[in-house]
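> this one's sequence-less:
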């Protein structure tokens, strides 16, 4: 059966199913994902996701063609942009995907955040 939910709804449903993750409108018209006060990233409708990674993770994802530079930070590793072009991109937001990588990195770098990904 075909999933008729929009890309942003499918991503939101997945990411907010993780413990401790909340979502809602951001300050600049984006739809933001957070763990407590820390931002995981945000969506601009069904078109693009903006995420932030440690530089080594970002470089690997960039080398694999999975992310590009964030348009506000061109040439700066870390802030990332990912166009939402098809269902394959949506699948990258599962427990093995982009936001899960970011969540893991956030946990590793900020031990005060006690979140476990259990998917």
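Great, that's in hand. These numbers were taken from a predicted model, which means no experiment stands behind them. Numbering: from 1, shown residues only.
> contacts and neighbour counts: CA atoms only from here.
Noted.
> so where's the chain shaky on pLDDT?
Along the chain, the parts satisfying pLDDT under 70 run over 1, 89, 91-119.
> strands of that one, residue ranges please.
For the chain, the strands defined by DSSP state E occupy 21-25, 31-35, 38-44, 48-52, 68-69, 79-83.
> those into CSV, with extra columns for distance to residue 61 and mean neighbour count?
Putting these into CSV (distance: least, Cα to Cα, whole Å; neighbours: other Cα atoms under 10 Å) gives the following:
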stretch, distance to residue 61, mean neighbour count
strand 21-25, 22, 15
strand 31-35, 20, 20
strand 38-44, 16, 20
strand 48-52, 11, 22
strand 68-69, 8, 20
strand 79-83, 9, 21
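> adding distance to residue 7, write those out as CSV.
Shown next, in CSV, are these (distance: least, Cα to Cα, whole Å):
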stretch, distance to residue 7
strand 21-25, 15
strand 31-35, 13
strand 38-44, 10
strand 48-52, 10
strand 68-69, 19
strand 79-83, 11
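> of all the ones you listed, which lies closest to residue 62?
Ranking the strands of the chain by proximity to residue 62 (Cα to Cα) places strand 68-69 first, at 6.0 Å.
> pairing partners for the closest one, with directions?
strand 79-83 (antiparallel) (DSSP bridges).
> and the nearest residue to residue 54 once chain neighbours are set aside, how far is that from residue 2?
Distance criterion Cα to Cα, 6 or more residues apart in numbering; nearest residue to residue 54, sequence neighbours excluded, is residue 78 at 5.6 Å. Using Cα to Cα, to the nearest Å, residue 78 is found at 35 Å from residue 2.
> what about those two, which has more around it?
residue 78 (20 against 4; other Cα atoms under 10 Å).
> now residue 71. Its backbone dihedrals?
Note on residue 71: backbone dihedrals following degrees, to the nearest 10 are phi -60, psi -20.
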